[in-house]
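Visitor: sharing a model prediction with you, sequence too.
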Amino acid sequence: MRISKQMGLSLVELMVAMALAMLLMAGVLSIFQSSKVTYLTNEKTSRLQENGRVALELMLYDLRSAGYGGCSRETVFTTTLNDAVDVPWNYAQPVQGFESQGDGDYLPALPLALAPAPLPESDVLVVRMPERDRPAMTVQADLASATANPQVLAASGPYLPGQIMLISDCEASTVFQVTAWNAGVVEHAENIGALPQNATNNLGFQYRAGARLLPLDSVTYWVGNDGTGPALWRRMGDGAAEMLVEGVEALQVAYGEDTDADRIANDYFSADEIDDWDTIISVNLALLLRSEESGLDLDEATYQLLEPAIGGVTIDPADDRRQRMLFTTTAALRNRAL
């Protein structure tokens with residue numbers, strides 16, 4: 001029997017094979033492109049969620065610890081600082097806010113020169129609280145007088161001159177500035193060192209052994225753009241600004257006021273409606289974040305950051321191809337609400 005051997009392909013067979021190969025390749029490329037788009041979209045979503053969680057967690061941590069004044073709410077509060085009502089040093093108020101009017105103005109008027117400048121759609125929030133990750137120290141001996149220097153264990157320091165401190169027990173609490181640290185002796189001389197300095201060296205109370213002493217911070221949060229894109233910024237005391245989280249486009253803040261002293265917020269108000277900051281026991285935050293990279297879909301959504309009745313704003317569609325996400329939460333000022 002004769003066996004016919006394949007001697008080649010006809011032009012028609014070759015064209016059919018090429019057409020089938022091209023169809024298969026197109027399918028593979030389509031699946032690859034779809035998978036890549038899905039991956040990039042998921043990556044941008046994950047990055048947005050991560051940035052949003054980090055921004056909220058940083059602010060929530062400070063808000064929850066704001067306003068610590070000792071082991072009792074009934075302590076007599078004293079401050080020795082000069083300019084004690086200025087924004088960086090007003091430790092009598094746990095929080096303070098400034099409501100953006102959308103044109104660069106704020107109510108109440110913003111007394112801070114922040115750089116980069118706050119964006120028009122964003123409020124400014126100031127929180128005053130114990131310094132993060134710094135343990136309290138215990139006073140080792142009774143003070144001989146209200147002007148004496150507290151003695152703590154030397155190993156618990158040192159605290160550099162200029163550090164703002166709180167000394168407290170269940171009867172009184174005093175904010176002062178460290179002027180020197182000598183082997184556990186915390187000095188607080190009058191009108192020495194960096195601003196704000198102590199207006200007096202009198203702590204206002206003769207603290208006894210067992211009183212607690214811990215460092216304080218004052219932090220200002222705002223949204224600004226230094227030319228690299230919008231971001232959440234903060235400033236510790238009157239120090240230099242630092243960028244915290246990139247891609248934050250707007251920050252809106254409302255304040256829960258306790259009007260009947262039951263430690264429950266009766267209503268929320270914008271900063272320009274607050275008459276007494278001592279009545280604020282919670283803070284409502286809204287953050288709008290955007291992705292750093294552009295995608296395929298046009299963002300035509302409208303974003304509502306808090307209700308208009310409490311000072312919220314409506315962000316019109318950006319009509320760009322960045323992905324956006326809105327984050328909201330409420331933080332209790334535990335030292336006031338609990």
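Guide: Structure's in. What do you need?

Visitor: strand partners (parallel or antiparallel) of the one helix or strand residue 326 maps to?
Guide: Element membership for residue 326, per DSSP states H and E: strand 322-332. Under the criterion DSSP bridges, strand 322-332 sits next to strand 280-294 (antiparallel) in its sheet.

Visitor: gap between the partner strand and the chain center?
Guide: Relative to the chain's own centre, strand 280-294 is displaced by 10 Å; criterion: CA atoms, centre = their mean, to the nearest Å.

Visitor: which element follows it toward the C-terminus?
Guide: Later in the chain than strand 280-294, the nearest helix or strand by DSSP H and E is strand 303-305.

Visitor: run through who's touching that following strand.
Guide: With CB atoms under 8 Å, 6 or more residues apart in numbering as the test, strand 303-305 has contacts from 121, 250, 252, 286-288, 312-315, 324, 326, 328. Where C-beta positions appear, they are placed from N, C-alpha and C, glycine not excepted.

Visitor: any chance of these in a markdown table, with pLDDT, distance to residue 130 and neighbour count too?
Guide: Formatted as a markdown table, those follow (pLDDT from 0 to 100; distance: CB to CB, whole Å; neighbours: other CB atoms under 10 Å):
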| residue | pLDDT | distance to residue 130 | neighbour count |
| --- | --- | --- | --- |
| 121 | 84 | 31 | 18 |
| 250 | 96 | 29 | 22 |
| 252 | 97 | 26 | 27 |
| 286 | 97 | 26 | 21 |
| 287 | 97 | 24 | 26 |
| 288 | 96 | 30 | 25 |
| 312 | 93 | 30 | 18 |
| 313 | 93 | 32 | 20 |
| 314 | 94 | 37 | 10 |
| 315 | 93 | 35 | 17 |
| 324 | 93 | 35 | 18 |
| 326 | 95 | 31 | 15 |
| 328 | 95 | 26 | 16 |
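
Visitor: out of these, flag the one nearest to residue 139.
Guide: Proximity of the contacts of strand 303-305 to residue 139 was ranked by CB to CB; the top entry is residue 287 with 40.4 Å.

Visitor: chain neighbours aside, what residue packs nearest to that closest one?
Guide: Counting by CB to CB, 6 or more residues apart in numbering, residue 287 lies nearest to residue 327, which is 4.6 Å off, once chain neighbours are set aside.

Visitor: list the contacts of that neighbour.
Guide: Residues counted as contacts of residue 327 (CB under 8 Å, 6+ apart) are 52-53, 55-56, 285-289.

Visitor: SS state for the spatially most central residue of the chain?
Guide: The centroid of the chain falls nearest to residue 59 when counting by CA atoms, centre = their mean (3.2 Å). Secondary structure assignment for residue 59 (DSSP: H, G, I helix; E, B strand; the rest coil): helix.

Visitor: from residue 196, how far off is it?
Guide: As defined by CB to CB, to the nearest Å, residue 59 lies at a distance of 25 Å from residue 196.

Visitor: please apply the same query to residue 303.
Guide: With distances taken as CB to CB, residue 303 is found 39 Å from residue 196.

Visitor: same question for residue 123.
Guide: Residue 123 sits 25 Å away from residue 196, going by CB to CB.

Visitor: between those two, tell me which one has more neighbours.
Guide: For residue 123 versus residue 196, the count of surrounding residues by other CB atoms under 10 Å is larger for residue 123: 28 against 20.

Visitor: can you tell me the closest non-neighbouring residue to the more buried one?
Guide: Closest residue to residue 123 apart from its sequence neighbours, by CB to CB, 6+ apart: residue 253 at 4.5 Å.

Visitor: show me what the helix or strand harbouring the one you found packs onto, helices and strands only.
Guide: Assessed by DSSP H and E, residue 253 sits inside strand 248-257. Judged by 3 or more CB pairs under 8 Å, 6 or more residues apart in numbering; DSSP states H and E, strand 248-257 is in contact with strand 95-100, strand 212-225, strand 230-236, strand 267-269, strand 280-294, strand 303-305, strand 313-315.
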